[in-house]
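Asker: The sequence and its predicted three-dimensional model are supplied below.
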Amino acid sequence: MNGDQLLKSFTGSTTGVLGYLQKQLAGFGLWINPPGTLVKVSTSASGYIWGYTRAGTIYSCREPCTDGGWKTVLDTAPATMLDIVTDSTEVYILYTSSGNTYLSRAPVDGSGEWSMTEVPFAATSLAVTNGYLWASGDSKTAFCGKPCTTGNWKVQDPDTHMLVSGGASSVYATTPGELGIVRTDETAQSGWTPVHSLDGLAIDSLAAEADNTVVYGADSSKLYRCDQTSCSTIDSQGYVPLPTKGSISVNPSTKNVWMATASSGTNGNLFSRLDAPDSSTILNTVTEFDTQRDNDFNSLGNALQVQTAQVASHMAKEEAYSAVKNALGAMGDTSSSNQEIELLKRKIGYAQRVDSAYASRLIPLTILLVALCSVVLIYLVAGWLLPTWATMGSAFVILAAGFGLAIYFSRTT
């Protein structure tokens, strides 16, 4: 690998790390208001967002949906929309038409046709797990193996539980007249049991798609983030999800949280945020970039010092050519141009003799990388223990120090 290739590869690897960390940190804990207005929203692990409006028009887009890329998929009028859920491959909608209740499904990427089956009772809500689709309503619950094209529903009658969400292998429901949330496994073998972290809460909407990690719930005034043992209140910037099932959803893959709120922001009533940076993905990505950079240097073998000097010389030459071109175009001032050329020639000669010139140019990038990695660790570790202001304050101090040092070394090396 010659000097040009080394510089290109190393710079690309470093830029990749910085860009990835910036992307992870940009969305952490901050709600954004992408364009759109829906009453129910459902996120798919494959990255698609589905929902519908009060008028019953169904929309979909690909995350992050910040460019207003919503597509009108289906106008169900004069049918009455009841619910919508998604999994990694399908989208399911529940609606009534001419007094009957129907279930329609289609590929979640919007590429195929809709198929329809009739639900054997007056269901009003749906929940989906990895293997099963559930429905509830009319004092009944029922489930069938996906994609439920045969109509082979296993009906639990009577059962007054009302479904509010589905996870990997569990479904979640409310019990009429009682606070809290109960759940059962996807084939109803375990019976309904309380979700203790939600005891005593009058939950109106629940997002359990990523229940192996996190569950989001909302009552009439607050938004909660729950793990396996406890819940904490989440700052939702004054917006509260609509008090109906399906107004909150969590992408089980990206951990992006979506909510349709009772009041609207600048771009509509949809808000989203990253639940938390994916620490395992961050560490794996950083490791990959670091390994690539190590391989670049190790591949030079005993020629490292020679190649480093060549890279430094090449960088100086590029600066020289640029400066000479600018000088020659400055009103034909050739005397000034000649002086600059001579000065830069000496700079090139010096770069060729000093094998550490290239390494010194990497110091500012290394400082920035260390600062950003430190901020990631603060959010991953201290973010759950310290108040938000303390975490953000520490992050700003580290970033300010990092940028200050990077600027200092970029001027002195």
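Answerer: Structure's in. What do you need?

Asker: Got the phi and psi for W70?
Answerer: Per-residue torsions, W70: phi -70, psi 140 (degrees, to the nearest 10).

Asker: Check the one 3 residues further on too.
Answerer: Main-chain torsions, V73, degrees, to the nearest 10: phi -90, psi -40.

Asker: pLDDT wise, what is it at?
Answerer: Here, the pLDDT recorded for V73 equals 88.

Asker: ends of stretch 185-196, how far apart?
Answerer: One end of stretch 185-196 sits 16 Å from the other (C-alpha to C-alpha, to the nearest Å).

Asker: averaged over its residues, what pLDDT does that stretch have?
Answerer: 94.

Asker: Quick one: residues in contact with that stretch.
Answerer: With contact meaning C-beta atoms under 8 Å, 6 or more residues apart in numbering, stretch 185-196 is reached by 129-132, 134, 141, 143, 154, 156, 161, 166, 169-173, 175, 180-184, 215, 226, 229. To be clear about C-beta, it is placed using only N, CA and C from the backbone, and glycine gets the same treatment.

Asker: Those residues, buried ones only, as a PyMOL selection?
Answerer: In PyMOL, this line selects whichever of the contacts of stretch 185-196 come out buried by 16 or more other C-beta atoms under 10 Å:
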select buried, resi 129+132+134+141+143+156+161+166+170+171+172+173+180+181+182+183+184+215+226
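
Asker: I'd like to know how far G68 sits from G268.
Answerer: From G68 across to G268, the span is 10 Å (C-beta to C-beta, to the nearest Å).

Asker: Which neighbours do the two have in common?
Answerer: Common neighbours of G68 and G268 (criterion: C-beta under 8 Å, 6+ apart): 34-36.

Asker: I'd like to know how far the residue nearest to Y59 when sequence neighbours are not counted sits from E63.
Answerer: Nearest residue to Y59, sequence neighbours excluded (C-beta to C-beta, 6 or more residues apart in numbering): W70, at 4.6 Å. Going from W70 to E63 by C-beta to C-beta gives 12 Å.

Asker: So what's the residue count around the residue nearest to Y59?
Answerer: Number of residues near W70 (other C-beta atoms under 10 Å) recorded here: 20.

Asker: now swap in T89 and tell me
Answerer: Around T89 there are 14 other residues, counting by other C-beta under 10 Å.

Asker: What does the pLDDT read for the nearest residue to it once chain neighbours are set aside?
Answerer: Counting by C-beta to C-beta, 6+ apart, V108 is the residue found nearest to T89 once chain neighbours are left out, at 5.8 Å. V108 is assigned a predicted lDDT (pLDDT) of 95.

Asker: any idea which element A400 lies in?
Answerer: Taking DSSP states H and E as the criterion, A400 maps to helix 388-412.

Asker: still on that earlier bit, how about the residue nearest to Y59, what does it touch?
Answerer: Taking C-beta under 8 Å, 6+ apart, one finds 35-36, 59-61 in contact with W70.

Asker: can you do 7 Å?
Answerer: 36, 59, 61 (C-beta atoms under 7 Å, 6 or more residues apart in numbering).

Asker: Any figure for the gap between it and P107?
Answerer: 18 Å.

Asker: what's the distance between T160 and G167?
Answerer: Note on T160: its distance to G167, by C-beta to C-beta, is 21 Å.

Asker: Name the residue in those two with the higher neighbour count.
Answerer: Each of T160 and G167 has its neighbours counted (other C-beta under 10 Å); G167 has more, 23 against 15.

Asker: Does that one touch T213 like I think?
Answerer: No - here G167 lies out of contact with T213, judged by C-beta atoms under 7 Å, at a distance of 10.1 Å.

Asker: and of the contacts of W70, the nearest to S247?
Answerer: For these, the closest approach to S247 (C-beta to C-beta) belongs to G36, at 13.2 Å.

Asker: Can you name the residues that contact the closest one?
Answerer: Counting by C-beta under 7 Å, 6+ apart, G36 touches 65, 70, 268, 270.

Asker: max-length strand in this protein?
Answerer: If you go by DSSP state E, the chain has its longest strand at strand 256-265.

Asker: could you turn it into CSV, dropping everything but the C-alphas?
Answerer: Extracted in CSV, the C-alpha atoms of strand 256-265 (Å, rounded to 0.1, in the frame of the first residue of the first chain):
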residue,chain,number,x,y,z
ASN,A,256,-36.8,4.0,17.7
VAL,A,257,-39.8,5.1,19.7
TRP,A,258,-42.8,6.6,17.9
MET,A,259,-45.9,8.3,19.4
ALA,A,260,-49.0,9.9,17.9
THR,A,261,-49.9,12.7,20.4
ALA,A,262,-53.1,14.4,21.4
SER,A,263,-51.8,17.8,20.3
SER,A,264,-49.6,18.7,17.3
GLY,A,265,-46.2,20.1,16.9
